[in-house]
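Trainee: Provided below for reference: sequence and predicted model.
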Amino acid sequence: MNKKKVIIVGGGFGGLRAAKSLKNADVEILLIDKTNHHLFQPLLYQVATAALSPGDIAVPIRAELKDQQNCTVIMGEVIKIDRENKIVYLTDQQFEFDYLILAIGARHSYFGNDEWEKFAPGLKTIGDALSIREKILLSFEKAERYYESSEREKYLTFVIVGGGPTGVEMAGAIAEIAKKTLLKDFRRIHPEEAKIILVEGQERILTPYDKSLSDKAEATIRRMGVDLRLNSFVKNITEDGAYIGDELIKTENIIWAAGNHASKITKTLNTETDRAGRVKVKSDCSVKEDPDIFVIGDAALFIDDNGNPMPGVAPVAEQQGRYVANIIKKGIPAEQRNKFSYFDKGSMATIGRAKAIMQVGNFKASGLFAWLAWSLVHIALLINFRKRYKVMIEWIYYYLSFRNGIRLIWKNDGLRK
Ligand SMILES: Cc1cc2nc3c(=O)[nH]c(=O)nc-3n(C[C@H](O)[C@H](O)[C@H](O)COP(=O)(O)OP(=O)(O)OC[C@H]3O[C@@H](n4cnc5c(N)ncnc54)[C@H](O)[C@@H]3O)c2cc1C
């Protein structure tokens, strides 16, 4: 008998977990990803701020699945899905499937202002992180070189849009490099000249957390020298800088951490999506028209029993990946499937060295204790993921001692005014 064909699109948290959970299943798996690596996004901001190298937080998908004989990995971008005929299209190839697991994650969204992207990159991929890193490092170089110029200020100004976990992490990390680490290496520019502005449309940062923790994070980030603008919106972004309301902040360094949108290919599924392009799925993570097509992780809109959407975090994607794999492995028909339920182990957000918040059920903590917990969890996850103990030990040392990170600038054409 022919084996069932399972296509997994995306080798991120959801897709990779699904593939691994199907290890002993009697199926043929084809995992397709447009990159060749699985990326540990939670530490991407550390690559963007030169504390880690790309190789520390990414691993080839092929290497992760090398011992899994029932799984073939190909690198390619899926551009369309024909739901009715069960075909996945790449530009020059097509593949049929019995089961589809769509785990394509999300990109940043500029809420209809896509032209802002070239001035205000977001942080989702290794490429994004490297270009942000390049921009930040070049900016300091320009400030030192053109110190006499009136433009110095714009090289030392950083605007981060969005006060969620990524925006807060970026603002905290830039404040640390600008005001502590990096400036020891420069002679002309001074720490107090660096301006880091964090813009948030709501009345508090880190809104998924309890208000008491948001308040603590707010006090911490302000103490670190970040100019936090709450209830503020970026109205426009141009090559001159960012307009916060009517005020123009002159800068070359704008980082976008304000919104997400699922890939356009979710539309080709021809099923219900929300405004962020996420596919509305049933309680078994399948689309309503076909019980053998599943969408998981950041690309899915899964409404829980309380009417709330599942958060876009790695554990949701992983647990959905494992859950869907179990359905496929056992061939469970639609009417006999238990609904997916998320086991929330808690959340943590870091603000800087020895500064973090955490919330696990009713337990809340902040400061050094939360930061130690955050570090241990991330280091454990990364070691498990990368098995590079030496790198991690070095990283902890450099991180805690504010020593050098990976501050190389690769482009030699970037130092222009
Ligand atoms: C900067 C940042 C920090 C984060 N921090 C945390 C954190 O601290 N804790 C936490 O729990 N979560 C965090 N998250 C969120 C978490 O990373 C996501 O929720 C998680 O990655 C979602 O998993 P996924 O499998 O849905 O998508 P992803 O892990 O994003 O994987 C999607 C995969 O699909 C591939 N792909 C996309 N489109 C196509 C296509 N058309 N064809 C082929 N392949 C395609 C991509 O290359 C990628 O490999 C963070 C995210 C970011 C960006």
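Mentor: Structure received.
Trainee: and the pLDDT at residue 415?
Mentor: The score at residue 415 is 55. That number is its pLDDT.
Trainee: same question for residue 216.
Mentor: The predicted structure scores residue 216 at 96 on the pLDDT scale.
Trainee: residues near it, how many?
Mentor: The tally of other residues near residue 216 (other C-beta atoms under 10 Å) stands at 22. C-beta here means a position set from N, CA and C on the backbone, and glycine is covered the same way.
Trainee: tell me the phi and psi of the residue of the stretch 201-350 of the chain found nearest the ligand?
Mentor: For the stretch 201-350 of the chain, the residue positioned closest to the ligand under C-beta to the nearest ligand atom is residue 297, at a distance of 2.1 Å. Geometry field for residue 297 lists phi and psi as phi 70, psi -150, criterion degrees, to the nearest 10.
Trainee: going forward can the numbers begin at 734, since that is how I track them
Mentor: Got it, first residue is 734 now, which makes that one residue 1030.
Trainee: quick one: contacts for it?
Mentor: Contact criterion C-beta atoms under 8 Å, 6 or more residues apart in numbering gives 743, 745, 746, 747, 748, 836, 838, 1045, 1049, 1050, 1053, 1054 as the residues in contact with residue 1030.
Trainee: so which of the residues you listed are in helices?
Mentor: Assigned to helices by DSSP state H, the following of those qualify: 746, 747, 748, 1049, 1050, 1053, 1054.
Trainee: give me the beta-bridge partners of residue 1026?
Mentor: Beta bridges link residue 1026 to residue 833 when assigned by DSSP bridges.
Trainee: picking up where we left off before, now do the residue of the stretch 934-1083 of the chain closest to the ligand against residue 997, distance only.
Mentor: The gap separating residue 1030 from residue 997 is 17 Å, by C-beta to C-beta, to the nearest Å.
Trainee: same check, this time on residue 972
Mentor: Shown here: residue 972 relative to residue 997, a distance of 27 Å by C-beta to C-beta.
Trainee: neighbour count for those two, which is higher?
Mentor: In this view residue 972 and residue 997 are compared by other C-beta under 10 Å, and residue 997 has more residues nearby, 11 against 7.
Trainee: for the nearest residue to the more buried one once chain neighbours are set aside, give me its contacts.
Mentor: In space, residue 997 comes closest to residue 1010 once its chain neighbours are excluded; the distance is 7.1 Å by C-beta to C-beta, 6 or more residues apart in numbering. When the contact criterion is C-beta under 8 Å, 6+ apart, the partners of residue 1010 are 839, 994, 995, 996, 997, 999, 1000, 1032.
Trainee: ok, the first one touching residue 1031?
Mentor: Yes. Contact between residue 839 and residue 1031 holds when scored by C-beta atoms under 8 Å: they sit 4.2 Å apart.
Trainee: got any residues that touch both of these two?
Mentor: Among the neighbours of residue 839, those also in contact with residue 1031 (C-beta under 8 Å, 6+ apart) are 993, 995, 1011, 1045.
Trainee: residue 1082 bridge partners, please.
Mentor: Beta-bridge partners, per DSSP bridges, of residue 1082: residue 1090.
Trainee: what is the neighbour count of the residue nearest to residue 755 when sequence neighbours are not counted?
Mentor: The spatially closest residue to residue 755, leaving aside those adjacent along the chain, is residue 1058, at 4.7 Å (C-beta to C-beta, 6+ apart). Summarising burial for residue 1058: neighbours were counted as other C-beta under 10 Å, giving 26.
Trainee: what residues are up against residue 1058?
Mentor: Applying C-beta under 8 Å, 6+ apart, we find residue 1058 in contact with 750, 751, 752, 754, 755, 758, 834.
Trainee: right, and the pair among those with maximum separation?
Mentor: Taking every pair in these and measuring C-beta to C-beta, the maximum separation is 13.7 Å, between 750 and 758.
Trainee: tell me which element the residue nearest to residue 755 falls in.
Mentor: Under the criterion of DSSP states H and E, residue 1058 resides in helix 1047-1063.
Trainee: how close does residue 1094 get to residue 1076?
Mentor: Counting by C-beta to C-beta, the gap between residue 1094 and residue 1076 amounts to 11 Å.
Trainee: ok, residue 803 next?
Mentor: Distance of residue 803 to residue 1076, given as C-beta to C-beta: 27 Å.
Trainee: can you check residue 940 too?
Mentor: Between residue 940 and residue 1076 the distance, using C-beta to C-beta, works out to 22 Å.
Trainee: let me know the pLDDT of the closest residue to the ligand within the stretch 784-933 of the chain.
Mentor: The ligand sits closest to residue 838 of the stretch 784-933 of the chain, with a gap of 2.5 Å, by C-beta to the nearest ligand atom. pLDDT for residue 838: 96.
Trainee: in this structure it contacts residue 742, no?
Mentor: No. With contact defined as C-beta under 8 Å, residue 838 does not count as touching residue 742 (10.2 Å).
Trainee: and the two? Which one has more around it.
Mentor: Just comparing residue 838 and residue 742: by other C-beta under 10 Å the higher neighbour count belongs to residue 742, 25 against 22.
Trainee: residue numbers of this protein in contact with the ligand?
Mentor: Residues of the chain lying near the ligand by C-beta under 6 Å from any ligand atom: 742-748, 765-768, 774-775, 777-778, 810-811, 836-838, 856-857, 898-899, 996, 998, 1030-1032, 1045-1048, 1050.
Trainee: okay, now the unreliable bits of the stretch 734-883 of the chain?
Mentor: When the per-residue scores of the stretch 734-883 of the chain are filtered using pLDDT under 70, the ranges that remain are 734.
Trainee: how many other residues sit next to residue 947?
Mentor: 21.
Trainee: neighbours of residue 976, how many?
Mentor: 15.
Trainee: are we agreed that it is in a strand?
Mentor: Yes. Assignment of residue 976 by DSSP: H, G, I helix; E, B strand; the rest coil places it within a strand.
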